[in-house]
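Colleague: A structural model of the following input is requested.
(one chain, ligands or ions: 1)
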Amino acid sequence: MSFRHKHIIALRDLNKEEIELLIATAESMREINSRDIKKVPTLRGKTIINLFYESSTRTRTSFEIAAKRLSADAVNISPSTSSATKGETLADTALNLLAMKPDIIVMRHAVSGSHYFLANKVSCSIINAGDGAHEHPSQGLLDMLTIKDKFGRLDGLKVAIVGDITHSRVARSDIQGLTKMGSSIFLAGPPTMMPPGVEKLGNVTVCGTMKEAIQDADVVMMLRIQQERQGKTLMPNTREYSRYFGLNPTNLKLAKPGAMVMHPGPINRGVEMSSYVVDGDQSHILKQVENGVAVRMAMLYHVSGGGSVE
Ligand code: NCD
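Modeller: The predicted model follows:
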């Protein structure tokens, strides 16, 4: 099967087979990452621009490493050092970058849907590294790869997602991906952080309490409160938040024995999760980060048209 998309903007736009193809490709890319010399010539001569209008540690580094492992030339641009601070529009920035003939622009932007706008303006491929509260497809894919590593499958699992669902692009991509693969999602969070109608996205249940969501869960995915996206603070205080929606060794026992604990990072230790859980045996958080490189290699590879990997 070949990948027919020029851009990867949202997991909503991909079908089950396409998601499976990206995950399978990431699985084979992992072998390159374990070599002594972690580089193959697959994307030699391709130019990739990482255009990040929002801060990032994992995603940007991971896309850059992924590009370099495939021998592409990767250039990073951040808004504080770009002409965005001088009033240039996104469309103008993109057209100017395009004049330098990149093959792929990987962008993170605070505005939901900005990647669709950009894809209509430029001739190169666009990969979404996170747009506002809309989607974060590479995170959704790396989460699925990490879950598949543990269970050997992505169907029939109970996945709890807890926290600020309203502002989480990670939650939306995880919901889109995991429900297409046949798993059930159980959401919990303060009512002020639960988007109305979210259950319409597929096999999604909104739970009244965190206990209900994590009871017998195979996977417990915790989210950060996206304070930067909340116009005003949506919770009385962090201590109260942790009491009702924080994961600790006691409430983790409600999940299935050996359930996976996940978090996209950055973690606010002691708020959404206690350090015992972050650093505990059930945590797969660093495995998520590790898988991120292989997933992004697979994404760059497929939007470039595939071909042989040496
Ligand atoms: C997430 C993001 O930026 O959406 N982080 C990430 O990419 N690993 C989640 C977050 O910022 O809380």
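
Colleague: okay, CA-based contacts and neighbour counts for the rest of this
Modeller: OK.

Colleague: Give me the below-cutoff pLDDT ranges for the protein.
Modeller: With pLDDT under 70 as the threshold, the chain has low-confidence stretches at 232-234, 236, 307-310.

Colleague: Please list the residues of it that sit near the ligand.
Modeller: Contact residues, the chain versus the ligand (C-alpha under 6 Å from any ligand atom): 58-59, 130, 169-170, 224, 264-266.

Colleague: so where do the strands sit in the stretch 51-200 of the chain?
Modeller: 73-77, 104-109, 125-131, 158-162, 184-188 (DSSP state E, counting those that start in this stretch).

Colleague: Most neighbours out of the residues of the chain next to the ligand, which is it?
Modeller: When neighbours are taken as other C-alpha atoms under 10 Å, the top entry among the residues of the chain next to the ligand is G130 (33 neighbours).

Colleague: Could you pull up the residues touching it?
Modeller: Under the criterion of C-alpha atoms under 8 Å, 6 or more residues apart in numbering, the contact list for G130 reads 107-110, 136-137, 169.

Colleague: so how far is Y53 from it?
Modeller: Per C-alpha to C-alpha, to the nearest Å, G130 is found 10 Å from Y53.

Colleague: Please enumerate the shared neighbours of the two.
Modeller: 107-110.

Colleague: Buried members of these into PyMOL, please.
Modeller: Restricted to buried positions by 16 or more other C-alpha atoms under 10 Å, the PyMOL selection for the shared contacts of G130 and Y53 reads:
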select buried, resi 107+108+109+110
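
Colleague: Just give me the closest of the shared contacts of G130 and Y53 to the ligand.
Modeller: Using C-alpha to the nearest ligand atom, R108 is the member of these that lies nearest the ligand, at 8.5 Å.

Colleague: That closest one and A133 touch, don't they?
Modeller: No - counting by C-alpha atoms under 8 Å, R108 sits too far from A133 to count as a contact (11.3 Å).

Colleague: Tell me how far A217 lies from V111.
Modeller: Taken as C-alpha to C-alpha, the span from A217 to V111 is 33 Å.

Colleague: the more surrounded of those two?
Modeller: A217 (25 against 13).

Colleague: Double-check that one against K253; I have them as touching.
Modeller: No - using C-alpha under 8 Å, A217 is not in contact with K253, being 10.1 Å away.

Colleague: can you pull out the helices in the stretch 1-150 of the chain?
Modeller: Applying DSSP state H, counting those that start in this stretch to the stretch 1-150 of the chain gives helices spanning 16-33, 58-69, 90-98, 114-119, 137-151.

Colleague: The last one packs against which elements?
Modeller: With contacts defined as 3 or more C-alpha pairs under 8 Å, 6 or more residues apart in numbering; DSSP states H and E, the packing partners of helix 137-151 are helix 16-33, strand 125-131, helix 169-180, helix 285-303.
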